[in-house]
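Visitor: the amino acid sequence is not available; the structure is as follows:
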């Protein structure tokens, strides 16, 4: 039992009555802008990845230590004797 065309039309009319056309237009514009921004960001990320030189990782090299945040406390653990 799916939604028929009549049900969808009634549903859309109720949505328009509740929210109004102006608010729905604003929501559509905001959603479209967000999608466009996401696509632009993905495109820029691909361009940066293509420009970055490839780094070879070997088993003998140690990974750099992660950057400490302002809230992190640097401590040294001592073994129990």
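Guide: It's in. Please read these numbers as outputs of a predicted model, since none were measured by experiment.

Visitor: now do the longest helix anywhere in the chain, average pLDDT.
Guide: The helix that spans the most residues within the chain, counting by DSSP state H, is helix 21-51. Helix 21-51 comes out with an average pLDDT of 87.

Visitor: check the burial of residue 21 by counting its neighbours.
Guide: Counted with other Cβ atoms under 10 Å, residues neighbouring residue 21 total 8. The C-beta positions use only the backbone N, C-alpha and C, and glycine is treated the same way.

Visitor: and residue 24, by the same measure?
Guide: Neighbour number of residue 24 under other Cβ under 10 Å is 14.

Visitor: shouldn't it be in contact with residue 15?
Guide: Yes: Residue 24 lies in contact with residue 15 (Cβ atoms under 8 Å); the separation is 7.4 Å.

Visitor: spatially central residue for the protein, please.
Guide: Computing the C-alpha centroid of the chain and ranking residues by Cα atoms, centre = their mean puts residue 38 first, at 7.6 Å.

Visitor: give me the distance between the two termini of stretch 72-81.
Guide: 27 Å (Cα to Cα, to the nearest Å).
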